[in-house]
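Visitor: dropping the sequence and predicted coords here.
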Amino acid sequence: MSFYLFDSHQKRKVAFEPEFPDLVRIYVCGPTVYDDAHLGHARSAISFSLLRRTLLALGYKVQFVRNITDIDDKILAKMAQTKQSLAEITSLYAARYKNDLAALGIMQADVEPKATEHIAQMITLVEQLIANGAAYKTDNGDIYFDVSKDDQYGSLSGETQDEMLSRVESGAKRSSRDFALWKAAKEGESVAFDSPFGRGRPGWHIECSAMVQSHLWREGAEFACDIHAGGSDLFFPHHENEAAQTRCGYHNRIAKYWMHNGFVRVDGQKMSKSLGNSFFVKDALKLFHGEALRFYLMSIHYRAGINYNDGDLFASKKRLDRLYRLKKRLGAEPSAADEPFKAELLEAMSDDLNISKALAVVDEMVSAANESLDRSPKDQVLQAKIAANVAFVNTILGVGAMDSILYFQGGVSDEEREEIEAQIAKRAIAKINRDFANADEIRKGLSERGITLMDLAGRTVWEKE
């Protein structure tokens, strides 16, 4: 089965062909770790996790690299604000980022390189760019890339020169379009690295070129990686600058294909710290468990924008609930999934991750499975096949693997969970004492809070609406 993706460079859907038939090399721009992960980080990670899962299911071997930016102006500002060291800040927020991704069911990257671990590779690339005349040093010691020396600059994003000039930094450089490769250390700065061209630190763009080349390039390859992915806000100037550095420094192309996910808005506004609406993943996880948040963020096609609000998330969860209510009916271990169902789901995801079609396929499977179980509720062979279908949904989409009871208890704080369990224990004592009126009153009180009790053999379990 062929895989098709929308290449941001060509601005059209194309058939995917990796440079090497035995391997797909993917690089995704990760976070700058100076604060907690927000929904934009989650959207990107989920989008390209779906890409990875789909390619694996198609039989490809995948090498997946997602970087961590742990040296940046924003991190230095955080250091000044908090009086903490670079290591204290970046290790804290990198760990929190990983925890958030784990809560969202996102597979760990094969390699998660940090910028500070690749200073030597960045310095080498800057030296190469200086040597071939594509970079220059300013009077204050900064090193800039000379955009005029790259006749293909702008070809990736399609930006015109006027658009470029309106969107790039200014400073002591030859042209407003030129961008920093190395920033000379300023007096009093505590974070700097030695280099042949002076003590300082790398610019933002240089790190990705160096890390893609270090971890994904193969000897003799025309492209450093097959797919370079990230948020659409990175297309220009970040990815344009990466492409230019790689062309002029390594004399190859950084990526054969480019993929970009859409923006996340919060209640109709673009997510922004300055607007005070940069909604953190940790805050959303206080209201809903990770799988529900994952399902919501992936239910809109990755290239489209998404307008986050709690009401839409709650409605999305109801759709996922149907899969778990089906799973609750199953008492058999998975056997083999239906081949037509597998093919249809994989075909949908092979069409540029067509999640709308994929979820429609899942909905149809759930409806048909419930109808079959209504007719033959004790058929173990049938249950085993349905369980395998549910397992295949998890393989491709990363949902459906949780225990059903735990799933329906999601979005409950530890304090609320303890209080619910205490109420259930009181109800059990009331029933032992034949105080059925009190037992019924406890059930009613929990029901009014959206907590449903189910008395099973020897125990009582609960669900939250």
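Guide: Sure thing, it's come through.
Visitor: what comes up buried for stretch 202-220?
Guide: For stretch 202-220, burial by neighbour count (16 or more other Cβ atoms under 10 Å) applies to 202-217. Just so you know, the C-beta spots here come from the backbone N, C-alpha and C atoms, and that holds for glycine as well.
Visitor: any weak-confidence spans in the stretch 251-400 of the chain?
Guide: Scanning the stretch 251-400 of the chain with the threshold set as pLDDT under 70 gives 270-278.
Visitor: hmm, try it at 80
Guide: 267-278 (pLDDT under 80).
Visitor: would you map the strands across it?
Guide: 253-261, 264-266, 269-270, 306-308 (DSSP state E, counting those that start in this stretch).
Visitor: okay, those strands, which one's buried deepest?
Guide: Between these, strand 253-261 has the highest mean count of neighbours, a mean of 23, where neighbours are mean count of other Cβ atoms under 10 Å.
Visitor: could you list the residues in contact with it?
Guide: Residues from elsewhere that reach strand 253-261 (Cβ atoms under 8 Å, 6 or more residues apart in numbering): 5-9, 14, 16, 18-19, 27, 43-44, 47-48, 51, 156, 209, 212-213, 222-232, 234-235, 239, 242-243, 246-247, 302-303.
Visitor: at 6 Å what do you get?
Guide: 7-9, 43-44, 47, 212, 223-229, 231-232, 235, 242-243, 246, 302 (Cβ atoms under 6 Å, 6 or more residues apart in numbering).
Visitor: pLDDT weak spots in the stretch 51-200 of the chain?
Guide: 159-172.
Visitor: save the strands of the stretch 251-400 of the chain as CSV, and put in distance to residue 289 too.
Guide: What follows is the strands of the stretch 251-400 of the chain, written out as CSV (distance: least, Cβ to Cβ, whole Å):
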stretch, distance to residue 289
strand 253-261, 22
strand 264-266, 19
strand 269-270, 26
strand 306-308, 16
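Visitor: so for residue 193, which of these sits nearest?
Guide: strand 253-261 (23.4 Å; Cβ to Cβ).
Visitor: okay, now the sheet partners of that closest one, with direction.
Guide: strand 223-231 (parallel) (DSSP bridges).
Visitor: check which residues of the strand it pairs with are buried.
Guide: Residues of strand 223-231 classed as buried: 223-231 (neighbour count, 16+ other Cβ under 10 Å).
Visitor: these into CSV, with extra columns for pLDDT and distance to residue 190?
Guide: Formatted as CSV, the buried residues of strand 223-231 follow (pLDDT from 0 to 100; distance: Cβ to Cβ, whole Å):
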residue, pLDDT, distance to residue 190
223, 98, 38
224, 98, 33
225, 98, 34
226, 98, 39
227, 98, 37
228, 98, 33
229, 98, 33
230, 98, 29
231, 96, 30
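Visitor: which one of those is nearest residue 451?
Guide: Of the buried residues of strand 223-231, the one sitting nearest to residue 451 (Cβ to Cβ) turns out to be residue 231, at 38.3 Å.
Visitor: contacting residues around that closest one?
Guide: Shown in contact with residue 231 (Cβ under 6 Å, 6+ apart): 44, 261.
Visitor: partners of it in the sheet?
Guide: With DSSP bridges as the rule, residue 231 is bridged to residue 261.
Visitor: gap between it and residue 4?
Guide: Counting by Cβ to Cβ, to the nearest Å, the separation of residue 231 from residue 4 is 21 Å.
Visitor: ok, now residue 83?
Guide: 51 Å.
Visitor: tell me which of the two has more neighbours.
Guide: residue 4 (14 against 7; other Cβ atoms under 10 Å).
Visitor: didn't residue 296 look like it was pressed against residue 317?
Guide: No - under the criterion of Cβ atoms under 6 Å, residue 296 is not in contact with residue 317, lying 7.1 Å apart.
Visitor: which one's more surrounded, these two?
Guide: Neighbours around residue 296 and residue 317, counted as other Cβ under 10 Å, are more numerous at residue 296. The numbers are 24 against 21.
Visitor: what sits against that one?
Guide: For residue 296, counting by Cβ under 6 Å, 6+ apart, the contacting residues are 313, 316.
Visitor: what of the one 3 residues further on?
Guide: With Cβ under 6 Å, 6+ apart as the criterion, the residues that contact residue 299 are residue 316.
Visitor: phi, psi for it please.
Guide: Main-chain torsions, residue 299, degrees, to the nearest 10: phi -80, psi -10.
Visitor: would you mind measuring from residue 63 to residue 213?
Guide: 14 Å.
Visitor: next, work out how far apart the closest residue to residue 335 other than its chain neighbours and residue 321 are.
Guide: In this structure, residue 335 finds its nearest non-sequential neighbour in residue 384, 3.8 Å apart by Cβ to Cβ, 6 or more residues apart in numbering. Note on residue 384: its distance to residue 321, by Cβ to Cβ, is 23 Å.
Visitor: residues near residue 103, how many?
Guide: That count, for residue 103 with other Cβ under 10 Å as the rule, works out to 18.
Visitor: actually residue 53, not the one I wrote
Guide: The burial count for residue 53: 20, using other Cβ under 10 Å.
Visitor: likewise for the one 5 residues further on?
Guide: The number of residues packed near residue 58 is 16, by other Cβ under 10 Å.
Visitor: please apply the same query to residue 334.
Guide: Residues near residue 334, counting by other Cβ under 10 Å, number 16.
Visitor: right, and it touches residue 388 too?
Guide: Yes - Residue 334 lies in contact with residue 388 (Cβ under 6 Å); the separation is 3.9 Å.
Visitor: how about whichever helix or strand residue 91 is part of: buried residues?
Guide: Here residue 91, judged by DSSP states H and E, is contained in helix 86-103. Residues of helix 86-103 classed as buried: 86, 89-90, 93-94, 96-98, 100-101, 103 (neighbour count, 16+ other Cβ under 10 Å).
Visitor: stretch 123-140 too?
Guide: Using 16+ other Cβ under 10 Å as the test for burial, stretch 123-140 gives 123-130, 134-137.
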